[in-house]
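Novice: Fold the stuff below for me.
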Amino acid sequence: MEQKPTSSFAAAVMPGIYLGVALIVFRLILFLLDVEMESYLNWTIYVVLAIGLYLGIINFREKHRNGLITYGNAFGAGFAIGLFASLIMGIFTYFFVEYIDTSLVGQVMIKAEEGMLAQNPDMTDEQLDQALSMVKIFSSPVMMSVLGFVYNLVISVIFSLIIAIFAKREDRSIA
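Specialist: Sure thing, here's the model as predicted:
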C-alpha cells in the first residue's frame with residue numbers, strides 16, 4: 001500500500017513555528033541593541049524570512065516529497081510556512097507593543113509627526129492633529145499586530161513565489 005504524501009499545510013507547522021521564533025529572536029536583538037527604529041536594519045529581517053522560507057521548502061521537498069516537488073507544491077509549502085510564521089509574529093507584536101516596549105507607539109507618533117512636517121512644513125495644527133489621529137488608530141497594539149500579520153504574510157507569499165521557482169524539482173525520468 002502506497003503512503004499518501006504529507007500535505008504542505010501539515011508539514012509546514014513546525015518549520016513555520018521555527019521561522020516565527022527566529023524572527024522573534026531577531027526582532028528582540030534589534031530591540032535590545034536599541035536599533036529597531038532604524039529602517040535600514042529592519043530590512044534585514046526579510047533576509048531571515050527568505051532564508052527560513054527557502055530552508056522550509058527544501059526540507060519539505062526532501063523529507064516529504066522524496067526530493068521531487070512541483071512549483072505549486074513548493075509555493076504551497078512556502079505559503080503555509082509563511083502563514084504560521086506571520087501568525088506567530090502577529091501575536092508577538094501585540095504582546096511586544098502592549099507589554100514590553102510600551103513607548104513604541106509614542107515613538108511612531110513622533111516619527112510620523114516629524115515626517116509630516118518635513119513633507120509639508122505649511123501644515124496647519126488642525127491638519128496635523130487630524131493626520132496624527134489617523135496614525136494613532138493604526139498604531140494601537142491590535143492594529144499593529146493585525147497589519148504586521150498581513151504585511152508579513154504578503155511578503156512571505158512574494159518570497160514563496162520566487163523561491164518555488166528555484167526549489168521545484170520534477171521527475172524527468174522516462175516511464
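
Novice: Could you measure from the residue nearest to the spatial centre of the chain over to residue 139?
Specialist: Closest to where the C-alpha atoms of the chain average out (C-alpha atoms, centre = their mean) is residue 152, at 2.8 Å. Distance of residue 152 to residue 139, given as C-beta to C-beta, to the nearest Å: 17 Å. In short, each C-beta sits where N, CA and C put it, glycine included.

Novice: And the helices in the protein, which stretches?
Specialist: 8-11, 13-32, 39-42, 44-64, 71-95, 104-119, 125-138, 141-167 (DSSP state H).

Novice: of these, which approaches residue 173 most closely?
Specialist: When those are compared by C-beta to C-beta, helix 44-64 sits nearest residue 173, at 16.8 Å.

Novice: now the angle from that closest one to helix 141-167?
Specialist: 50 degrees (axes from the mean of the first three to the mean of the last three C-alpha atoms, to 10 degrees).

Novice: roughly how far out does the helix or strand bottoming out on mean pLDDT in the chain sit from the chain middle?
Specialist: When each helix and strand of the chain is scored by mean pLDDT, DSSP states H and E, helix 39-42 comes last, with a mean of 77. Centroid displacement of helix 39-42 relative to its chain, using C-alpha atoms, centre = their mean, to the nearest Å, is 14 Å.

Novice: gap between residue 119 and residue 113?
Specialist: From residue 119 to residue 113 the distance is 11 Å (C-beta to C-beta).
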